[in-house]
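Visitor: sharing a model that was predicted from the sequence below.
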Amino acid sequence: MLPRVFQPGAIGRMRLPNRIVMGSMHLNLETCDDGGAAVAAFYAERARGGAGLIVTGGCAVNRQGSGGRGYVVLSDRARHDALARWADAVHAEGGRIALQLFHAGRLTSSRYTGLPPLGPSTVASRMFPDEPPVAMTAGQIEDTIADFARAAVLAGELGFDAVEVMGSEGYLVNQFGSPLTNTRTDEWGGDARRRNRFAVAVVSAIRDSAPALPVLFRMSGDDLMPGSSTVDEQRALAVELALAGVHALNVGVGWHESRIPTVQSLVPPGAWSHYSAGVKLALAAERLTVPVITANRFTRLAQAEQALADGQADFVSMARPLLADPAIVTKTRTGAPVNICIACNEACIDRSLGEEPVSCVVNPRAGRELVFSQVRVRKARQYAVIGGGPAGMEAARALRSLGHRVELFEASGELGGQFRLARLVPGKADFGATIGYFTDELARLGVRVRLATPITADNLELIGQADGVVLATGVTPRELDLPGADLPHVVHYQRAFLEPESLGRRVVIIGGGGIAVDLAHLLGHGPSPLDARTRFLAEHGLAEGPPPVPSPRSLTILRRRGRIGAGMGRSTRWAAVDALRRQGTALLTGVQYEAITPDGVHITDETGTPRTIPADSVVVAIGQEPRTDLLPLLARTGVPLQVIGGSSGATGLNATRAFEEGLRAAYTLGR
């Protein structure tokens, strides 16, 4: 049903079994003191799962170009055996792997490298405003180009099938191309052609030094930075790179400093594929046949098939979807349940920006394939899981995957826990896909799921003679201790999500965490005649279209202390809060709640001024409390017990913790 996705292809002399490329992801595992074992296992599982080509996380061509302490520096010979192990592991599974050649330029710090950052010009970044780069001399430029070439030769010697030059996202090669970061007046700066000379020189040097090695180039379709290179200039660069001998162009979008979201859940799938389509047209106009790869926000192979069918690309790059499900390619081909990436970024992108090992919220095994091996136990036991939210679903799945008999009890009529609320938020429909995946996967594995079956003191015998129990009954909304909190127009967030039509025109949300932000987005998301992709682009000035119809509601979020959305992921919060501001939601912090009355919420604002915020409905979203009423009963049974997710504590609870605790509980009990 996906003939184009599963059609073999080629990049240079490299033959590929299908059109899916696993895009580069930095894992913060690359420099672990394990001889490369963890990364090798990670890549091997994705090769086994059918990825046509795997592109590694960025590896710095020299120490000054390292993006952080967790980056491999290719000039460090002590890392070479580990790199070869990555390639060997992929080849053992019949896969192909490309080494990404990376230089951070100004997007790094001497804290990581021990050296001052370098750049085309002395222009500081928003990420490191106190450490502007040193403008590179002509000699340093030539040396860096030579380092790219040496790195490519090394990649071939270590067994990699290809290399990819990181030339987008605002790193060094991209910095040379942009007038924002390249203010030089010599032969390496000035007009677009001279600014692009560095990128072309890197490709030419690699082709001269390693003529048999396929070269991919990750280029920017649009920097999404006001005053940066134009889209036409980027397409002209694509033509220059093709003439220089590049074998494929992988078209990305945006800089880390851009204020337009590119990878968050509120970005519709396939939103950026028109940039790769433009590159293909530019190449075709010059009769150049270099394959083009489209990237960013493809979550399903059906979306990739559509992009290929529409002629927008020759290959499709999917990165985070292969974190969520390493076998997405094989499973899609066979019709097996696929664990869909929800674009939450919590365990992947957010961690990659720091030093914590990267994983995946909905697949906490990602990056830990050796720790949580899937070897089945010799003796199957019987386990009961109480609660079918994220923690309970993952515990049941993992226990059954180890070979145990599992029965899951869920009080409501559907699995999913608070994901049932999250899927209602604009842009978060794939949270519902997670519920669908676990529903189908648990059935496929043979887990007995008993919905609408709460476990109480009266039916505790339902868990039978279980050899172990996982308690994952989640949380309940925290009560608000405030005069007027018992008035009829005051409701908890759960009801507001499920019955938004019951709320009045003026809504005040008390509490400013992630739940409040999601709820405000749901309530304030006005209708639009445009499809989701065009609406998103139009809202960010990237397409023509009428503005959305304003929501009939007036929304206000109140928070005592801290920022609105505090606790949300680093790469997501700013985009979500910007969306609220665009839709007109009032955001008030530093307030003191005084009372709720029929006419509204009485507060003292951050200036000490008493105010009344008019409200027809007041929604309480001040956190949760763990549901632990079963804990004493279960403890008295003497059966081994794991308490996980919200049941183990609501402080700091998020989906990342819930799924991970489900996995760990299964391995603690099941092994």
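Guide: Happy to help now that I have it. Note that the coordinates shown come from a computational prediction; the quantities given were computed from them, not determined experimentally.
Visitor: ok, and what's touching the helix or strand hosting residue 441?
Guide: Using DSSP states H and E, residue 441 falls within helix 430-445. When contacts are defined by C-beta atoms under 8 Å, 6 or more residues apart in numbering, helix 430-445 is touched by residues 265, 299, 336-343, 362, 390, 393-394, 396-397, 400-401, 408, 414-416, 419-420, 422-423, 425, 449. Every C-beta, even on glycine, is put in place using the N, C-alpha and C of the backbone.
Visitor: 6 Å instead?
Guide: Residues from elsewhere that reach helix 430-445, judged by C-beta atoms under 6 Å, 6 or more residues apart in numbering: 337, 339-340, 342, 362, 393, 396, 400, 415-416, 419, 422-423, 449.
Visitor: and stretch 228-236, what's buried?
Guide: Going by neighbour count (16 or more other C-beta atoms under 10 Å), the buried part of stretch 228-236 is 228, 229, 231, 233, 234, 235, 236.
Visitor: tell me how far it lies from the chain's centre.
Guide: Put simply, stretch 228-236 sits 27 Å off its chain's centre (C-alpha atoms, centre = their mean, to the nearest Å).
Visitor: how about exporting it as PDB, limited to the C-alpha atoms?
Guide: Extracted in PDB, the C-alpha atoms of stretch 228-236 (Å, rounded to 0.1, in the frame of the first residue of the first chain):
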ATOM      1  CA  SER A 228      19.000  35.600   7.100                       C
ATOM      2  CA  SER A 229      19.600  33.900   3.800                       C
ATOM      3  CA  THR A 230      16.600  34.000   1.500                       C
ATOM      4  CA  VAL A 231      14.800  30.900   0.300                       C
ATOM      5  CA  ASP A 232      16.100  31.600  -3.200                       C
ATOM      6  CA  GLU A 233      19.700  31.800  -1.900                       C
ATOM      7  CA  GLN A 234      19.300  28.500  -0.300                       C
ATOM      8  CA  ARG A 235      18.100  26.900  -3.500                       C
ATOM      9  CA  ALA A 236      21.000  28.500  -5.300                       C
END
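Visitor: avg pLDDT for that stretch?
Guide: Average pLDDT, stretch 228-236: 98.
Visitor: do stretch 528-536 as well
Guide: Averaged over stretch 528-536, pLDDT sits at 95.
Visitor: circling back to that earlier point, go through the buried residues of stretch 228-236 and say which is closest to residue 271.
Guide: residue 231 (15.0 Å; C-beta to C-beta).
Visitor: before we move on, what SS does the closest residue in space to that closest one that isn't next to it in sequence have?
Guide: Nearest non-adjacent residue to residue 231, counting by C-beta to C-beta, 6 or more residues apart in numbering: residue 222, 5.4 Å away. Secondary structure assignment for residue 222 (DSSP: H, G, I helix; E, B strand; the rest coil): coil.
Visitor: can you report how many residues neighbour residue 222?
Guide: 24 (other C-beta atoms under 10 Å).
Visitor: correct me, but it touches residue 233?
Guide: No. Residue 222 lies out of contact with residue 233 (C-beta atoms under 6 Å); the separation is 10.2 Å.
Visitor: now secondary structure and pLDDT too, for the contacts of helix 430-445, in TSV please.
Guide: Below are the contacts of helix 430-445 laid out as TSV (DSSP: H, G, I helix; E, B strand; the rest coil; pLDDT from 0 to 100):
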residue	secondary structure	pLDDT
337	coil	98
339	coil	98
340	coil	98
342	coil	98
362	coil	98
393	helix	98
396	helix	98
400	helix	98
415	coil	98
416	coil	98
419	helix	98
422	helix	98
423	coil	98
449	strand	98
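Visitor: hmm, which of those residues are the buried ones?
Guide: Buried subset of the contacts of helix 430-445 (neighbour count, 16+ other C-beta under 10 Å): 337, 339-340, 342, 362, 393, 396, 400, 415-416, 419, 422-423, 449.
Visitor: from these, which is closest to residue 537?
Guide: Nearest to residue 537 among these is residue 342, at 21.6 Å by C-beta to C-beta.
Visitor: count the neighbours of the nearest residue to that closest one once chain neighbours are set aside for me.
Guide: Excluding the flanking residues, the one nearest residue 342 by C-beta to C-beta, 6+ apart is residue 430, at 4.7 Å. Residue 430 has 24 neighbouring residues, counting by other C-beta under 10 Å.
Visitor: what's the pLDDT at residue 430?
Guide: 98.
Visitor: from residue 19, how far off is it?
Guide: 22 Å (C-beta to C-beta, to the nearest Å).
Visitor: could the buried residues of stretch 228-236 go into JSON lines alongside distance to residue 475 and secondary structure?
Guide: Formatted as JSON lines, the buried residues of stretch 228-236 follow (distance: C-beta to C-beta, whole Å; DSSP: H, G, I helix; E, B strand; the rest coil):
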{"residue": "228", "distance to residue 475": "44", "secondary structure": "coil"}
{"residue": "229", "distance to residue 475": "48", "secondary structure": "coil"}
{"residue": "231", "distance to residue 475": "47", "secondary structure": "helix"}
{"residue": "233", "distance to residue 475": "51", "secondary structure": "helix"}
{"residue": "234", "distance to residue 475": "47", "secondary structure": "helix"}
{"residue": "235", "distance to residue 475": "51", "secondary structure": "helix"}
{"residue": "236", "distance to residue 475": "54", "secondary structure": "helix"}
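Visitor: got any ranges where the stretch 101-250 of the chain has weak pLDDT?
Guide: When residues are selected by pLDDT under 70, none of them lie in the stretch 101-250 of the chain.
Visitor: what about the strands in it?
Guide: For the stretch 101-250 of the chain, the strands defined by DSSP state E, counting those that start in this stretch occupy 118-119, 134-135, 162-166, 215-220, 248-252.
Visitor: could the ones you listed go into TSV alongside distance to residue 372 and mean neighbour count?
Guide: What follows is the strands of the stretch 101-250 of the chain, written out as TSV (distance: least, C-beta to C-beta, whole Å; neighbours: other C-beta atoms under 10 Å):
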stretch	distance to residue 372	mean neighbour count
strand 118-119	40	24
strand 134-135	44	16
strand 162-166	29	27
strand 215-220	31	28
strand 248-252	31	29
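Visitor: for residue 513, find the nearest of those strands.
Guide: Proximity to residue 513 (C-beta to C-beta) singles out strand 248-252 among those, at 31.8 Å.
Visitor: and the closest one, what does it pack onto?
Guide: In terms of contacts (3 or more C-beta pairs under 6 Å, 6 or more residues apart in numbering; DSSP states H and E), strand 248-252 is packed against strand 215-220, helix 273-285, strand 292-294.
Visitor: strands paired with the last one, and their directions?
Guide: Each strand paired with strand 292-294, and its direction, by DSSP bridges: strand 248-252 (parallel), strand 315-317 (parallel).
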